[in-house]
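Engineer: Fold the stuff below for me.
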Amino acid sequence: MHDDLETEPVPENPFPCRAFSPQLELVRRFAAQSLPKMRSLLLAVLAAYVVSAIHAVLAFLNKRRALQRVSEWAMAAGFVLHTAALIADWVIDGHYPLFYRRETLSFLAWTLVASYALVLYRYRARPLGVVTLRWFLF
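Structural biologist: Numbering: from 1, shown residues only. Below you'll find the predicted structure:
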């Protein structure tokens, strides 16, 4: 055909949203090797949320402030770990964590906890934790 027309090289990465600059590729490789496995991190998040949900129910039934404090601290620890897991997932995969079902559900749970924390901070609606945090048990 036409030899004078140059053809474009086929890109190595078929997903342009996952293409990294060389500096970001080094960060991604370092994060993939140094960060703990996502499954174990998400299991720790789940454990913290379960502890928070159980203590929120017990605090509601027994009217104990100490149980409510344990619930709030466990929720805060779970939220921090969950935030770290979402950031690590973003860095390792190279896209925001909303593409696949696991990522979407994880982000939805993170948003639910953040919303509850804001309502708790703003309105001091502690009994709402019984309804909100209970969803992590099912």
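Engineer: all contacts plus neighbour counts: C-alpha atoms, from now on.
Structural biologist: Noted.
Engineer: Which strands or helices does the one helix or strand A109 maps to pack on?
Structural biologist: For A109, the enclosing helix or strand under DSSP states H and E is helix 101-123. Judged by 3 or more CA pairs under 8 Å, 6 or more residues apart in numbering; DSSP states H and E, helix 101-123 is in contact with helix 65-93, helix 128-132.
Engineer: Which neighbouring elements make contact with the longest one?
Structural biologist: It stands for helix 65-93. Using 3+ CA pairs under 8 Å, 6+ apart: helix 65-93 touches helix 22-34, helix 38-62, helix 101-123.
Engineer: related to what we said a few turns ago, adding mean neighbour count, write the helices and strands packed on helix 101-123 out as a markdown table.
Structural biologist: Compiled in a markdown table, the helices and strands packed on helix 101-123 are given as follows (neighbours: other CA atoms under 10 Å):
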| stretch | mean neighbour count |
| --- | --- |
| helix 65-93 | 19 |
| helix 128-132 | 18 |
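Engineer: Understood, closing this out.
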